[in-house]
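>>> Here's my sequence, what's the structure:
(one chain, ligands or ions: 2)
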Amino acid sequence: MLVDRFNRTVNYLRISVTDRCDFRCVYCMAEEMTFLPRDQVLSLEETYRIAKAFVALGVKKIRITGGEPLVRKNVLWLLEKVAALPGLNELVITTNGSQLSKVAPALKQIGVKRINVSLDSLHPLKFKSLTRTGDLQTVIDGIDAACEQNFQKIKLNAVILKGRNEDEIVNLVEFARHREIDISFIEEMPLGAIKEHDRALSLMTSEEIRQHLSAHYELTSLEDNTGGPSRYYALANSTTRVGFISPHSNNFCSTCNRVRLTAEGRLLLCLGNEHSVDLRALVRDPSVSDEALEEAIRESMNIKPERHEFDLNEEPQIVRFMNMTGG
Ligand code: SAM
Ligand code: SF4
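Ligands and ions are numbered 1, 2, ... in the order given. Take a look at the predicted model:
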């Protein structure tokens, strides 16, 4: 019975391999961040063991994220091992693009199928102010290096904030259209406490962005339901698809097929709730066999919540930042 529930509920695991990052995006991290002590972060071997258990239970798709996954030392070792797990259909990665110039060919060779790259601005100074430490040209070079490798799909992710980058929506779509890649706009989620902007005031909803784009493009809704929070539109005369990820305007939990493993080994059953299971304790306990680990994962599905609520008028209820969770 639990197996049935597991397979119906979850076929997609997202793994954060680090909470650290070479950027400090204003919506993702506080300026002064304290990162986890190294011994609290899962080793790559521990992460691999958990990934293997999930694939044994029927998970078909794994996304490696962070923090910035490509700054984790030896992450290519993990990617190669996970890509080779029998039964896994898709290994994908979410990155800020800062290391892609160097590693895009290796990622392709390992068998990574798709890459998501975050890009919120095409103005060097604004990019710097949004990411605090990022360099726009390095990221653009990384995206172009990835485009040369012919991955199955490359998608840009942009968080639009009123008063900061709302004037860049069309430029970002044009950037994607010229490269024949996709782009998704993500509504900012209230994860972690930030000082720099008022989230209720800066929130640009998917509907507002879609309306803005409709004045420039013919958008046709696609039926493609990824089992996730995205809704996609085709752009006329282009292969580029425009997605909207709307945690505020859509409570997407009823169709959610994903769970997240944090860098410290917590299995989070929902991005908007604190329900979790400590898998690190299990993989560090020598008496826990692979079978017992799988059983614990199956049982965790019983506490997967039905829905989340984000309320911008309240203090953030989720105290962890997105770099902890893995976006
Ligand atoms: N460092 C990588 C990157 O930036 O793509 C991977 C991790 S990052 C946490 C994953 C995604 O989460 C990024 O697309 C980022 O824009 C998004 N993100 C971070 N904080 C967010 C927030 N508060 N609301 C919505 N999206 C957020
Ligand atoms: Fe780093 Fe990604 Fe968070 Fe930006 S969104 S600070 S790149 S983890």
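>>> what does stretch 76-89 rub up against?
Stretch 76-89 is touched from outside by 17, 44, 47-48, 51-52, 55-56, 58-62, 64, 91, 93, 103, 106-107, 110-112, with contacts defined as Cβ atoms under 8 Å, 6 or more residues apart in numbering. In this view, the C-beta of every residue, glycine as well, is placed from N, C-alpha and C.
>>> For that stretch, measure first residue to last.
18 Å (Cα to Cα, to the nearest Å).
>>> Please name the residues that touch Arg14.
Residues in contact with Arg14, defined by Cβ under 8 Å, 6+ apart, are 62-63, 65, 258-261, 326.
>>> Kindly report the same for Ala158.
118-120, 165, 168-169, 172, 183-186.
>>> my guess is it is in a helix, correct?
No: counting by DSSP: H, G, I helix; E, B strand; the rest coil, Ala158 is not part of a helix but strand.
>>> What residues are bridge-paired with it?
Residues in a beta bridge with Ala158, per DSSP bridges, are Phe185.
>>> Ser221 versus that one, what's the distance?
20 Å (Cβ to Cβ, to the nearest Å).
>>> Can you find the residue of the stretch 151-300 of the chain that comes nearest to ligand 2?
Per Cβ to the nearest ligand atom, Val159 is where the stretch 151-300 of the chain lies closest to ligand 2, at 8.0 Å.
>>> Could you tell me the model confidence score at the residue of the chain most remote from its centre?
Among residues of the chain, the one most distant from the C-alpha centroid is Ser287; the distance is 32.9 Å, by Cα atoms, centre = their mean. On pLDDT, Ser287 comes in at 98.
>>> since we're on Asp182, how many residues are nearby?
Applying other Cβ atoms under 10 Å, we find 22 residues neighbouring Asp182.
>>> quick check, Phe175 in a strand?
No: read with three-state DSSP, Phe175 is helix and lies in no strand.
>>> so who does it touch?
Residues in contact with Phe175 (Cβ under 8 Å, 6+ apart) are 119, 122, 156, 183.
>>> for the stretch 1-150 of the chain, what spans make up the helices?
In the stretch 1-150 of the chain, the helices defined using DSSP state H, counting those that start in this stretch lie at 2-9, 44-56, 75-83, 100-110, 124-131, 136-148.
>>> Can you pull the residues of the stretch 101-250 of the chain lying near ligand 1?
Residues of the stretch 101-250 of the chain lying near ligand 1 by Cβ under 6 Å from any ligand atom: 118, 157, 159, 186, 188-189, 191.
>>> Columns distance to Asn11, pLDDT and neighbour count on top of those, output as a markdown table?
What follows is those, written out as a markdown table (distance: Cβ to Cβ, whole Å; pLDDT from 0 to 100; neighbours: other Cβ atoms under 10 Å):
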| residue | distance to Asn11 | pLDDT | neighbour count |
| --- | --- | --- | --- |
| Ser118 | 24 | 98 | 21 |
| Asn157 | 21 | 97 | 20 |
| Val159 | 26 | 96 | 25 |
| Ile186 | 22 | 94 | 21 |
| Glu188 | 27 | 86 | 24 |
| Met189 | 23 | 80 | 24 |
| Leu191 | 24 | 63 | 24 |
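>>> Excluding sequence neighbours, find me the nearest residue to Glu31.
Leaving aside its sequence neighbours, Glu31 sits nearest to Arg24 (Cβ to Cβ, 6 or more residues apart in numbering; 6.4 Å).
>>> show me where pLDDT drops low in the stretch 151-300 of the chain?
For the stretch 151-300 of the chain, the stretches with pLDDT under 70 are 191-197, 199-201, 224-229, 248-256, 270-274.
>>> try 80 this time
The model of the stretch 151-300 of the chain has pLDDT under 80 over residues 190-201, 223-230, 247-258, 269-275.
>>> Let me see the ranges of the strands in it.
153-159, 182-186, 219-221, 230-235, 241-245, 258-261, 266-268, 276-278 (DSSP state E, counting those that start in this stretch).
>>> ranking those by burial, who's on top?
Most buried of these by mean neighbour count (mean count of other Cβ atoms under 10 Å) is strand 258-261; its value is a mean of 25.
>>> Give the other helices and strands that it contacts.
The helices and strands touching strand 258-261, judged by 3 or more Cβ pairs under 8 Å, 6 or more residues apart in numbering; DSSP states H and E, are strand 12-16, strand 266-268.
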